[in-house]
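Asks: sequence first, then the predicted structure:
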Amino acid sequence: MDAIEVIRAKRDGVELSAAQIDWVIAAYTRGDVADEQMSALAMAILLNGMNRREIADWTQAMIRSGERMDWSMLDRPTADKHSTGGVGDKITLPLAPLVAACGAYVPQLSGRGLGHTGGTLDKLESIPGWLASLSNDQMLHVLRTAGAVVCAAGSGLAPADKKLYALRDVTGTVESIPLIASSIMSKKIAEGTGSLVLDVKVGSGAFMKTTEAARELAETMVALGSDAGVRTVALLTAMDRPLGRAVGNALEVEESIEVLAGGGPSDVVELTVRLAREMLEAAGVAGKDPADALRDGSAMDAWRRMISAQGGNPDAILPRAAETVTVQAPSSGVLAHLDAYAVGLAAWRLGAGRARKEDPVSFGAGIMLHAKPGDLVREGQPLMTLHADETARFERALDALDGGYEVADAARDLLPLVIDRI
Ligand code: URA
């Protein structure tokens, strides 16, 4: 077999065989298929698609490129959640300890932010001392100590995806449902979780801009998980506006701690509790209601154990950016529109995200929203505060927000927070 034959087949709209897929993924992982050949194949897949059988074979081949973790030695079921990414999406932070406090183990491998969406590891790294990289034995120790662990995937887990995702990122081939579904699910299946809840975001701040595209991605991923023996469900949730009031690493950790303390913005609390119920149901764990675990302090206790077990100080003062600028309401009325993408792009330009994957992030940078869509505002009232380490960053962040919010006489329609369940 050779790479050109596989590329030509997909270019001409021919279905790839399991043998062709196995071969190309293994050869690419070894370095026998060159990056330029794999990027041509990824572009052919983006343009011509793959059917469900090809996507399943592609996912299995990526899993086989590395190790598959196993948690069968644990005495309780495992459950995980994956979000396709959004603006202000800090849900993993309160959710993982919450589900642990309700009786399931949560072994979560997470990623870093790229572009306008934030990454869970960047958020947690704003806690002084907290370590993202753990060995498998350390992961097991944190799971046994705290019931939940959130850490970076080691190099042994789906190495084919690690290489291919970096290549797709620089070749305009990220936005392909077969490639996104197989990328996410190969890592989640290899992670060894027994059940999985997918939070597929919809709207301007998400990969999937329409409910139809999100539904197709969700259905593809649920089928991949179920076929691999992982109990998988998906929620389609709103990302037309930011989630919560905080966007940016340390700012989002602070908001998550408010949720764990029984407070926090209502949309973050509602989605956290809903996802926790879904995870517990998928894991077959009955008993404690997640809303009670937020009220009685047990989720906060699990958070503190989880952070401490990974070297972090749960009582540490979090980093703050040196400079702030406030954006005021231009008139009185209703905040009719607050675009998730515009806010995400502004936070990125303030330093909360990175332009290249090796860049550092600013932990204190980001945006605090003082009003959410539908709120009444008065002219001159603060709408949001921008945080950055250098004043030079404000101009481009304000440009990103230009046209991204509107005060009007009446509210505009918003997507429901939970749009559908698959
Ligand atoms: N997240 C992933 O892990 N892979 C993709 O392809 C897109 C988002």
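Replies: Received, thanks. Numbers count the residues shown, from 1 in each chain.

Asks: what is the burial count for residue 5?
Replies: Number of residues near residue 5 (other CB atoms under 10 Å) recorded here: 11. Just so you know, the C-beta spots here come from the backbone N, C-alpha and C atoms, and that holds for glycine as well.

Asks: what helix or strand does it sit in?
Replies: Using DSSP states H and E, residue 5 falls within helix 3-11.

Asks: now for that helix, which elements pack on it?
Replies: Helices and strands touching helix 3-11, by 3 or more CB pairs under 8 Å, 6 or more residues apart in numbering; DSSP states H and E, are helix 18-30, helix 35-48.

Asks: and the ones you listed: which comes nearest the ligand?
Replies: With CB to the nearest ligand atom as the criterion, the ligand lies closest to helix 35-48 of those, at 10.3 Å.

Asks: does the closest one come close to the ligand?
Replies: No. Applying CB under 6 Å from any ligand atom, one finds helix 35-48 separated from the ligand by no less than 10.3 Å.

Asks: mind listing what's buried in that helix?
Replies: In terms of neighbour count (16 or more other CB atoms under 10 Å), helix 35-48 has its buried residues at 37-46, 48.

Asks: give me the number of residues near the closest residue to the ligand within the stretch 51-200 of the chain?
Replies: The nearest approach of the stretch 51-200 of the chain to the ligand comes at residue 183, 3.4 Å away (CB to the nearest ligand atom). Residue 183 has 22 neighbours, counted by other CB under 10 Å.

Asks: which residues sit in contact with it?
Replies: 62, 161, 164-165 (CB atoms under 8 Å, 6 or more residues apart in numbering).

Asks: just the ones in helices from these, please.
Replies: 62, 161, 164-165 (DSSP state H).

Asks: out of these, who's nearest residue 358?
Replies: residue 165 (14.8 Å; CB to CB).

Asks: what's the nearest residue to residue 318 if we skip its chain neighbours?
Replies: residue 250 (4.1 Å; CB to CB, 6 or more residues apart in numbering).

Asks: could you do residue 259 as well?
Replies: Distance criterion CB to CB, 6+ apart; nearest residue to residue 259, sequence neighbours excluded, is residue 94 at 4.3 Å.

Asks: ok, residue 208 next?
Replies: residue 214 (3.9 Å).

Asks: which SSE is the one you found in?
Replies: For residue 214, the host element (DSSP H and E) is helix 211-227.

Asks: all strands of the stretch 301-422 of the chain, in order?
Replies: 323-328, 333-338, 366-369, 376-377, 382-388, 405-408, 418-421 (DSSP state E, counting those that start in this stretch).

Asks: list the contacts of the closest residue to the ligand within the stretch 201-350 of the chain.
Replies: Proximity of the stretch 201-350 of the chain to the ligand (CB to the nearest ligand atom) peaks at residue 207, 6.5 Å away. Residue 207 makes contact with 84-85, 174-175, 180, 201, 217, according to CB under 8 Å, 6+ apart.

Asks: where does this structure dip in pLDDT?
Replies: 114 (pLDDT under 70).

Asks: make it 90
Replies: Where the chain drops to pLDDT under 90, the residues are 1, 111-118, 153-156, 165-166, 169-170, 174-175, 207, 287-288, 354-360.

Asks: residues of it that sit close to the ligand?
Replies: So the chain meets the ligand at 165, 174, 179-180, 183-184 (CB under 6 Å from any ligand atom).

Asks: thinking again about what came up before, against which helices or strands is the helix or strand containing the residue nearest to residue 259 packed?
Replies: Using DSSP H and E, residue 94 falls within helix 92-101. Helix 92-101 sits against strand 79-83, strand 106-110, helix 120-124, strand 148-152, helix 249-260, helix 266-283, helix 290-295, helix 298-309, with contacts defined as 3+ CB pairs under 8 Å, 6+ apart.

Asks: keeping just the C-alphas, turn that helix into PDB.
Replies: Presented in PDB, the C-alpha positions along helix 92-101 are these (Å, rounded to 0.1, in the frame of the first residue of the first chain):
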ATOM      1  CA  THR A  92     -15.200  20.900  34.100                       C
ATOM      2  CA  LEU A  93     -13.800  22.700  37.100                       C
ATOM      3  CA  PRO A  94     -17.000  22.500  39.300                       C
ATOM      4  CA  LEU A  95     -18.300  19.400  37.500                       C
ATOM      5  CA  ALA A  96     -15.500  16.900  38.100                       C
ATOM      6  CA  PRO A  97     -15.400  17.200  41.900                       C
ATOM      7  CA  LEU A  98     -19.200  17.400  42.000                       C
ATOM      8  CA  VAL A  99     -19.600  14.100  40.300                       C
ATOM      9  CA  ALA A 100     -16.900  12.600  42.500                       C
ATOM     10  CA  ALA A 101     -18.800  13.800  45.600                       C
END
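
Asks: what about the closest residue to residue 39 other than its chain neighbours, how many residues close to it?
Replies: Among residues not flanking residue 39 along the chain, residue 171 sits closest, at 4.2 Å (CB to CB, 6+ apart). With neighbours defined by other CB under 10 Å, the count for residue 171 comes to 16.

Asks: quick check: buried residues in the helix holding residue 214?
Replies: Buried residues in helix 211-227, counting neighbours by 16+ other CB under 10 Å, are found at 211, 213-225.

Asks: which one of these is nearest residue 301?
Replies: Nearest member of those to residue 301, counting by CB to CB, is residue 225, at 30.5 Å.

Asks: pretty sure that closest one sits against residue 188.
Replies: Yes. Judged on CB atoms under 8 Å, residue 225 makes contact with residue 188 at a distance of 7.1 Å.

Asks: list residues touching both of these two?
Replies: The contact lists of residue 225 and residue 188 share residue 196, where a contact means CB under 8 Å, 6+ apart.

Asks: what's the closest non-adjacent residue to residue 209?
Replies: Closest to residue 209 by CB to CB, 6+ apart is residue 203, at 6.8 Å.

Asks: that neighbour and residue 85, how far apart?
Replies: Taking CB to CB, to the nearest Å as the measure, residue 203 falls 12 Å from residue 85.

Asks: same check on residue 17?
Replies: With CB to CB as the criterion, residue 17 and residue 85 are 32 Å apart.

Asks: who has more neighbours out of those two?
Replies: residue 85 (24 against 15).
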